[in-house]
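K.L.:
got a structure for you, letters missing:
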């Protein structure tokens, strides 16, 4: 298996632009997680899907952030409009079933908003 | 505040020595997981220990869990330069949700 795949790996955009991050989880995994990592705040869970349904989105910072999982093999995290404080590394992870199993992380997307 | 807090924040040792990192948490958990992150990479799962377990081993890694003290420790024996990384603990609540990562311990193993 190729592992969790994220794209793009790097994204540089100007403030106000829309940003879409993509994730393909490991085949057969039922749960998908989006995290954000910064030096100041560490690793934060943004949203967690189970069987394509959002279970916990309490970590989504504000309405500018939205996430979808239209099917078991694809998820997107969208920021609209983007702001410089959104600059971070965004990780997607998947697991066999929620928190009872280990999570497999993708390589991350490094987002820079200027 | 962080549910999981690793201690120390940074640790520097010589190759061959043992490294011990601690994690404290505040609320009841279903399990606690340890991850490693090499610079610029995603996190890699190391060990998952459930609330009814006290100790687990995996190769050179040993994890203990003390639910009465709400703490866990990760021991890396006979460290190698390749063990240089940041190590995170993550707690999962009794509903199998609320994944909270601590700020991590940066381990440097000097050759």
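P.N.:
On my side now, so go ahead. As the structure is a computational prediction, the values presented were derived from the model and not from experiment. Numbers count the residues shown, from 1 in each chain, chains lettered A, B, ... in the order given.
K.L.:
any bit of the lowest-mean-pLDDT helix or strand in chain B sitting next to chain A?
P.N.:
In chain B, no helix or strand scores lower on mean pLDDT, DSSP states H and E than strand B:5-7, which sits at a mean of 79. No - judged by CB under 8 Å from any CB of the partner chain, strand B:5-7 stays clear of chain A, getting no closer than 10.1 Å. Quick note: C-beta positions are derived from backbone N, CA and C, even for glycine.
K.L.:
And residue A:82, how far from residue A:16?
P.N.:
Residue A:82 is 7 Å from residue A:16, where distance means CB to CB, to the nearest Å.
K.L.:
Have a look at these two and say which one is more surrounded.
P.N.:
residue A:82 (23 against 10; other CB atoms under 10 Å in any protein chain shown).
K.L.:
can you pull the contacts of that one?
P.N.:
Contact partners of residue A:82, counting by CB atoms under 8 Å, 6 or more residues apart in numbering or on different chains, are A:13, A:14, A:15, A:16, A:17, A:18, A:19, A:64, A:111, A:113.
K.L.:
Just send these back as CSV, with pLDDT too.
P.N.:
Shown next, in CSV, are those (pLDDT from 0 to 100):
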residue, pLDDT
A:13, 97
A:14, 97
A:15, 97
A:16, 97
A:17, 97
A:18, 97
A:19, 98
A:64, 95
A:111, 98
A:113, 98
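K.L.:
Mind giving me the PyMOL command for buried ones among these?
P.N.:
Applied in PyMOL, the following selects the buried portion of the contacts of residue A:82 according to 16 or more other CB atoms under 10 Å in any protein chain shown:
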select buried, chain A and resi 13+19+111+113
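K.L.:
Nearest to residue B:6, out of the contacts of residue A:82: which one, please.
P.N.:
residue A:111 (25.5 Å; CB to CB).
K.L.:
Look up which helix or strand the closest one falls in, please.
P.N.:
Using DSSP states H and E, residue A:111 sits within strand A:109-113.
K.L.:
For that strand, what is the distance to the chain centroid?
P.N.:
12 Å (CA atoms, centre = their mean, to the nearest Å).
K.L.:
what residues does it touch?
P.N.:
Residues beyond strand A:109-113 that count as contacts (CB under 8 Å, 6+ apart) turn out to be A:6-15, A:17, A:19, A:21, A:79, A:82-91.
K.L.:
hmm, try it at 6 Å
P.N.:
Contacts of strand A:109-113 with the rest of the structure, by CB atoms under 6 Å, 6 or more residues apart in numbering or on different chains, involve A:6, A:10-13, A:15, A:21, A:82, A:84, A:86-87, A:89-90.
K.L.:
For the chain, which segments count as strands?
P.N.:
Picked chain A for this. Using DSSP state E, the strands assigned to chain A run over residues A:5-7, A:10-13, A:19-24, A:31-38, A:42-50, A:53-56, A:65-71, A:74-79, A:88-95, A:104-105, A:109-113.
K.L.:
I was after chain B.
P.N.:
For chain B, the strands defined by DSSP E occupy B:5-7, B:10-14, B:19-24, B:31-37, B:43-50, B:55-58, B:61-66, B:71-76, B:85-92, B:100-101, B:105-110.
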